[in-house]
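[1] predicted coordinates and the sequence they were generated for:
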Amino acid sequence: MSGQQRERVLSAALFERERELSVVERAVYGLCGREIQKESTENEEALEAGEVRESGEPGGAEGLKEGGLLLVSGEAGLGKTALLTHVRHVAGERDDCTVLFGRGSKSAERVPFTVVRQLLQPELAAMTQEARRELLGDWHDIAGPALGITPPVGPLADPQGVRDGLDWVITQLALNRKPLVVIVDDAHWADPESLTWLTSFAVRLREMPLLVVLAYRPLELPDHTPGFKDLVAGRVARPVELRALTPEAVAGLVRDALGPGADDPFCREVWAVTGGNPYEAVELIAKARDRDMDPVEESAALLRDLGAAARGPGLVARLEQLGSAVTRFAYAAAVLGTEIELRLAANLAGMGPAEAEQRADQLREARILVGAETLEFVHPLIATAVYRAIPTGTRTAMHGQAAWLSADAGKGVAVSARHLLEVHPDADAEVVGQLRAAAREHLAVGAPDAARRCLERALLEPPPEEERAMLLYELGCAALLTSPRTTINHLRAALDLPDLSEDLRIDATFRLAQAYAHNNQLNEAAKVVADQARRAPAGSGKLRLQVAYFMWKGIQVEEEDTIGRSQRVAELARDLQGRDNAERTLLVLRAFDGLLRSENSLEVAEFIDRVLEDGKLPDGLGWTNPEWGFEIPSQIGIVCSYIDRLDEAGELFDQAVRAFEIAGWSGAHLAFAHDFRGLVFRRRGDLAEAERALRKGLGLAHRLGPGLPIQWDGTCLLIDTLLARGKVDEAQEVAEANSFLPPYSPAIALPDAACLAGRLLLARGKTKEAIAELEAAGRRLEERGRSNTLWAPWALDLAVAIKDEEPERARSLVGQALQHAMRFGTDTAIGEALRMAAKLDAPRERPARLSKAVAHLRMSPCRYELAAALVDHGVALRECGDKAEAVERLREGLELSERCGADGLVRTARAGLVELGAEEEADPAD
């Protein structure tokens, strides 16, 4: 097919597409900030007739005034490519925007980031290396490997980090250069990595100078990216739906090509045979012209057979009529897929360059292929028909040959692996090696699912028996970030085999336990490390597993034999000085356990001091260290947060954010880091900043999917912060949105989830339900010796709830809580316990206890608790008639509450001042 022929096909496919043309033109012109240009009378008439959606309606041109998302939906042959080609033409002829184009393909669907590279590599290739580095900034080493512009810097890239890096690149291109028009044809065939990124980015376009146009077949949406199905089914953007041509439009095509003498019965039969499909109509008309068919009713009967030759078996029969050599070359092109290099196709077809050029000419003439040095099929329908026509055995063998030819041509292991995935298993160690190499590359660029496919196929080959355990280990590690359940299955299988080295066996066990924990199976996590620890020889590996056992047991809410486990940890840690990381991790667990048990905070701090080196994490216990995981430094920061060493905790969690961002770990790890930063802000009393950090952390967690274990800490801390701010309704909304309901997380949350649920119920006035929740929490915590009144304040809240109905029991609960707080010994714990205990005192006794609470909290770094005590003290003094001191306390409490962002306390303090007649001293604006 010549260039002119191809232009005619594209032009024909835009017949009867005035409405759709208007929509895409208005989108492009709106992006570039110019008045809408009417390029044809038909477009103008369509606009005047109101056929284009009006402003504000999803998918309408007005909604795309400054960019946005435009979806084009239609089955094969209805003209999606022609419409997108028109968009490329309209945008490309302008000086004030840049066009990025990519196309999904069935053949390259298993090669990660294929579409991403099609979109961005041409733009990046035109830059100098320095310009690329400046554009990508800190994301260069994270997103660069996925873009194919730099080699990987590590063995494992976080997929979410890579997607965030791609977001940065395209955002910078759009904001700092010309507005972008990003076009992806056949998005339903895009590789999962590219489509996942496009989907996540498309819903966050908002007001960027960026237009994204995605075309897809609605009945072929991929299962591998459910988010894309949600995108096209939702109301982010209503698709432009292409439909079959009317009989009148097909008649216009016929008469344009065959002359005005084509009669109505003939034209009607062309429409009937093709169903109004533009591609099939154009092909049928071209064949009629090639045969010099007279376009009259007497010829109409021949059209049905002629149309069958344009698709499916008829197309294959027509191809075979061109000869075996032409067919063989077409088969080679179909196996190679897209962007077919003539030389590579020739080698695969077993012919020399001259003959290959001749066969390519024949296929061009037959309207099957187009292009010169780089070939492609005229339409995906043709490519699919040719590929399916290849006999199964021949197709498999050709994929095997294509794999080695691609490798020899320097295409890389990812392209070779795409072909090897189609080859029948044959116990070929070289195939296993190639697939493992491809898996390593996929992991390094942030495509763990692609790595998993390669390793699963390698396992079927099968590998040599001595390599099987190692392969299972690699497969388990490949799925760790995306599928804990898959990791569990493969690592258990690896551990059942005898061929793992002792070091790998220890590491596989540790990772298996992590996968269990991330899958909410904490009992299984503890059991698997305990079982392997019993079998392991004495040494650092055995101690690593023992520490992991204590860690996964110690964070269980419903742990059995908590007291026994605590005693064993205490005995092991008593004389440890932190000489190596195994000792240090055990000391961290001892400190964390002491925190939960409300042991003396000075002793708890001493354990932490044995771990830190000049206040910093020691080598090998950093945030991104794979040997011990991020759980150990997290526990250090949590302990520091509750023993009033907030500056150290803040520095640790700031380091976590920086470390995870540098490593490109933008998923669960970064979500946790922001949650823990929120914890520090909450403890300091900077409630507005705490809310911001926690909403950010929870937002990051939600990107990974609904209902994941990592969302519990963020949810609990955010609810606690909102309650401190006096935003009870918002706290309830967060609870409902995040399924904050029993059964709560099996892992310990901050603060304790059941205690927090009781506090939320009290704030909502549901006292009876709160009492039941708090009593159940108290029983569970008392059985396990966990009595920290800051982390789990059940006794204090319950005492306040029952003080009128059961005053003696309430006083007993308060006395018990005060004992635990005194034993813990921080000014925050003592001051807050005294403040809550004062709620049970007689009015005349209350100021004295609150005065003590204020005194302790003045020495605490926790400003919110001090503000609450000051306001409570002022109210108590007012009730006792001590107006002057009450005003002083309420003024101070008001000022501090405002700095904390504690709106509820602000309201209480102002009301107290107004009642005391000191309203002129308070801020009158409420």
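    Cool, the structure landed. Just so it is clear, the model here is predicted, and its values are computed rather than measured.
[2] distance check, Ala469 against Glu524.
    Using C-beta to C-beta, to the nearest Å, one gets 21 Å for the distance from Ala469 to Glu524. From N, CA and C alone the C-beta is placed, and that goes for glycine too.
[3] more crowded one of the two?
    Ala469 (22 against 17; other C-beta atoms under 10 Å).
[4] packing partners of the helix or strand hosting that one?
    Per DSSP states H and E: Ala469 is located in helix 465-478. Other elements packing on helix 465-478 under the criterion 3 or more C-beta pairs under 8 Å, 6 or more residues apart in numbering; DSSP states H and E are helix 429-445, helix 448-460, helix 484-495, helix 502-518.
[5] may I see the buried residues of it?
    Judged by neighbour count using 16 or more other C-beta atoms under 10 Å, the buried positions of helix 465-478 are 467-478.
[6] do the same with stretch 432-447
    Result for stretch 432-447 [16+ other C-beta under 10 Å]: buried residues 432, 434-447.
[7] which residues of the stretch 651-800 of the chain fall in helices?
    668-684, 687-702, 711-724, 728-737, 753-763, 767-783, 794-802 (DSSP state H, counting those that start in this stretch).
[8] how about the helices and strands packed on helix 465-478, which one is nearest Gly352?
    Closest to Gly352 of the helices and strands packed on helix 465-478 is helix 429-445 (C-beta to C-beta; 27.5 Å).
[9] coming back round to it: same question for the helix holding Ala469, mean pLDDT?
    Average pLDDT, helix 465-478: 90.
[10] can you show me the helices along the stretch 501-650 of the chain?
    502-518, 522-535, 540-554, 562-573, 581-596, 601-611, 631-642, 646-663.
[11] now render those as a markdown table, adding mean pLDDT and distance to Asp361.
    Shown next, in a markdown table, are the helices of the stretch 501-650 of the chain (pLDDT from 0 to 100; distance: least, C-beta to C-beta, whole Å):
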| stretch | mean pLDDT | distance to Asp361 |
| --- | --- | --- |
| helix 502-518 | 91 | 56 |
| helix 522-535 | 94 | 63 |
| helix 540-554 | 92 | 66 |
| helix 562-573 | 95 | 78 |
| helix 581-596 | 96 | 68 |
| helix 601-611 | 97 | 74 |
| helix 631-642 | 97 | 64 |
| helix 646-663 | 93 | 52 |
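[12] Throw the ones you listed into TSV and include distance to Asp164, thanks.
    As requested, the helices of the stretch 501-650 of the chain are arranged in TSV below (distance: least, C-beta to C-beta, whole Å):
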stretch	distance to Asp164
helix 502-518	20
helix 522-535	29
helix 540-554	29
helix 562-573	38
helix 581-596	30
helix 601-611	32
helix 631-642	22
helix 646-663	9
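[13] so where's the stretch 351-500 of the chain uncertain?
    By pLDDT under 70, the low-scoring segments of the stretch 351-500 of the chain are 481-482.
[14] buried ones in stretch 585-601?
    Buried-residue list, stretch 585-601, by 16+ other C-beta under 10 Å: 585-599, 601.
[15] among these, which pair sits farthest apart?
    It's Thr585 and Ser598 that sit farthest apart of the buried residues of stretch 585-601, by C-beta to C-beta, at 22.4 Å.
[16] where do the helices of the stretch 1-150 of the chain begin and end?
    Under DSSP H, counting those that start in this stretch, the stretch 1-150 of the chain gives helices at 3-13, 18-32, 41-48, 80-92, 114-125, 129-136, 140-147.
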